[in-house]
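1. Give me the fold of what follows.
(one chain, ligands or ions: 1)
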Amino acid sequence: MTRINENYLKLKAGYLFPEIGRRVKAYSDANADKRIIRLGIGDVTLPLVPSIVNAMVEAAKEMGTPGGFHGYGPEQGYSFLINKIIEHDYTKRGVKISEDEVFVSDGSKCDAGNIQEIFSLDSKIAVVDPVYPVYVDTNVMAGRTGEVNAHGHYENIVYMPATEANNFEPEFPKEKADIIYLCYPNNPTGMVATKERLAEWVAFAHKSGSIILFDSAYESFIQDPTIPKSIYEIEGAKEVAIEFRSFSKTAGFTGTRCAYIVIPKELKGKTSKGEEISFNSLWSRRHTTKFNGVSYVTQKGAEAVFSAQGQKEIGEQISYYMENARLIREGLGASGYKIFGGLNAPYIWLKTPRNLKSWEFFDELLSKAQIVGTPGSGFGPAGEGYFRLSAFGKREDVLSAIERIQKI
Ligand code: MLT
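-> Purely as a prediction, here's the structure:
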């Protein structure tokens, strides 16, 4: 019989969000009359804005004409989109990025999961605890870790706890790590990193010879103008960091799928013989081999995000979600909940009441208030006793959810 990849057997149960979905389905099957409010997975609820829809409709019509039909596009993404990304997200913020350093993809989850393929199998990774599970699970699948220990950590991963004690600002890895995953604004805690802190991370990566994988999928929710949106706003970051960006939460593309990754050509790794190789060339080889590009229609929709009207329309959606975040923060804060995040991020991280375990609070909220959130322990052992609420709900649901939670 054919052998399986046994690394998969090391994975803890199922992926977090399907597991939540399974529990919610079981509850709703047994309680069909109850209306469930979902503030769990960070999925947007507002529809695509008119400028994006119009651009996609026009592109679809173009595809139906002999002259406007597009077959396989460039795997890396169309220049019309890449140039808009560079101009809007980097040049305007004083960062120089060239066209061949941006790779358009179908999502940051895929990018953050696939990126580990271009690093040696014996590279050691460091992650924050709690953490977006994709960073860890994809390295487990690849065989970079041992089994889970009694504490709930995988052997051979360096964990950097982000707790109330350090204001959710993890310390640098205590042992040598080749690859450091950082996510700011943070999923799940909703906290951000100041420019000074990011500069310390970049300096640390230079000193320790590590690479930072910087997930900034939530940058558009930053309200404080002093907080960097890109790690490349820090001098020297291009030699040590890869950045992930997404249209999912910024512009409602969770179903439409479009994201991008930036790999500066200055970022180098070495072979076992000591030869220096740019990670950009490796990723380019991988991307063009395993991916056929995001559809023309989708990339046209993404391009419209950068038009003046597109910016105005998505800006209104972001404000709507951030107002949700404010309502949750203040509503639950006034009821005695200890609240973190939600100021520059669409996630609110709260301490569970009465020292309940995260999954106990999940079950209580579901059964008593029909609200779905995300148990903090699903993001790692340091998340135990915490709970994440998403601000991506519809306003009426957010208001009802606050009221229902206050009544518990
Ligand atoms: C989350 O809820 O953490 C995100 O929606 C997950 C994702 O973007 O894949």
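
2. domains in the chain, as residue ranges please.
-> 6-47+309-407, 54-307 (automatic domain parsing).

3. May I see these organised as CSV, with mean neighbour count, mean pLDDT and distance to the ligand added?
-> Heads up, the C-betas are built off the backbone N, CA and C, glycines and all. CSV is the format used below for the domains of the chain (neighbours: other CB atoms under 10 Å; pLDDT from 0 to 100; distance: least, CB to the nearest ligand atom, whole Å):
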stretch, mean neighbour count, mean pLDDT, distance to the ligand
domain 6-47+309-407, 18, 95, 3
domain 54-307, 18, 97, 4
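
4. secondary structure class for Ile348?
-> What DSSP: H, G, I helix; E, B strand; the rest coil gives for Ile348 is strand.

5. Run through the bridge partners of it.
-> Note on Ile348: beta-bridge partners by DSSP bridges are Gly341, Leu389.

6. Please name the residues that touch it.
-> Counting by CB atoms under 8 Å, 6 or more residues apart in numbering, Ile348 touches 190, 325, 328-329, 332, 339-342, 388-391.

7. With Ile339 instead?
-> By CB under 8 Å, 6+ apart, the neighbours of Ile339 are Ile328, Arg329, Leu332, Gly333, Ile348, Trp349, Leu350.

8. For those, which two are the farthest from each other?
-> Put simply, by CB to CB the two of those set farthest apart are Gly333 and Trp349, 12.4 Å from each other.

9. can you pull out the helices in this protein?
-> With DSSP state H as the criterion, the chain has helices at 16-30, 50-63, 79-85, 108-114, 133-142, 195-208, 248-251, 279-290, 296-305, 308-334, 358-364, 395-407.

10. Contacts for the fourth one, please.
-> Put plainly, it is helix 108-114. Under the criterion CB under 8 Å, 6+ apart, residues 103, 105, 132, 134-135, 137-138, 181, 213, 215, 217, 244-246, 248, 259-261, 286, 290 lie in contact with helix 108-114.

11. now it: how far from the chain's centre is it?
-> Remark: helix 108-114 is offset 9 Å from the chain centroid, using CA atoms, centre = their mean, to the nearest Å.

12. Now do the phi/psi pair for the residue of the chain most remote from its centre.
-> Of all residues in the chain, Pro66 has its C-alpha farthest from the mean position, at 38.7 Å, by CA atoms, centre = their mean. Pro66 adopts backbone torsions of phi -60, psi -40, taken as degrees, to the nearest 10.

13. repeat for the one 10 residues further on
-> Dihedral angles phi and psi of Gln76 (degrees, to the nearest 10) take the values phi -80, psi -20.

14. pretty sure it is in contact with Ser98, am I right?
-> No - taking CB atoms under 8 Å as the definition, Gln76 is not a contact partner of Ser98, at 12.0 Å.

15. hang on, the earlier thing: what's the separation between the residue farthest from the centre of the chain and Lys174?
-> To Lys174, Pro66 is 62 Å away according to CB to CB, to the nearest Å.

16. Could you do Asn355 as well?
-> 28 Å.

17. what's the answer for Ala382, then?
-> Counting by CB to CB, the gap from Ala382 to Lys174 is 15 Å.

18. got the contact list for the closest residue to Asn5 other than its chain neighbours?
-> In space, and not counting its chain neighbours, Asn5 is closest to Met141: 7.1 Å by CB to CB, 6 or more residues apart in numbering. Going by CB under 8 Å, 6+ apart, Met141 touches Asn5, Asn7, Tyr8, Leu11.

19. for the residue nearest to the last one when sequence neighbours are not counted, what are its contacts?
-> Counting by CB to CB, 6+ apart, Val140 is the residue found nearest to Leu11 once chain neighbours are left out, at 5.5 Å. For Val140, the contacting residues are Asn7, Tyr8, Lys10, Leu11, Tyr154, by CB under 8 Å, 6+ apart.

20. if we go to 10 Å?
-> Shown in contact with Val140 (CB atoms under 10 Å, 6 or more residues apart in numbering): 7-12, 133, 146-148, 154, 156-157.

21. Show me which of these is closest to Ile227.
-> For the contacts of Val140, the minimum distance to Ile227 (CB to CB) is 24.8 Å, reached by Pro133.

22. Does that closest one touch Pro18 like I think?
-> No - counting by CB atoms under 10 Å, Pro133 stays clear of Pro18, with 11.1 Å between them.

23. partner residues bridging Val102?
-> Assigned bridge partners for Val102, using DSSP bridges, are Val262.

24. List the single closest residue to the residue nearest in space to the middle of the chain in space, sequence neighbours excluded.
-> Nearest to the centroid of the C-alpha atoms of the chain, with distances taken as CA atoms, centre = their mean, sits Ala217, at 4.8 Å. Among residues not flanking Ala217 along the chain, Ser246 sits closest, at 4.2 Å (CB to CB, 6+ apart).

25. And for Lys338?
-> Spatial nearest neighbour of Lys338, chain neighbours left out: Lys351 (4.0 Å); criterion: CB to CB, 6+ apart.

26. so what's that neighbour up against?
-> Contacts of Lys351 by CB under 10 Å, 6+ apart are Glu164, Tyr337, Lys338, Ile339, Phe340, Phe361, Gly376, Gly385, Tyr386, Phe387.

27. and with 8 Å instead?
-> Contacts here follow CB under 8 Å, 6+ apart; on that basis Lys351 touches Glu164, Tyr337, Lys338, Gly385, Tyr386, Phe387.
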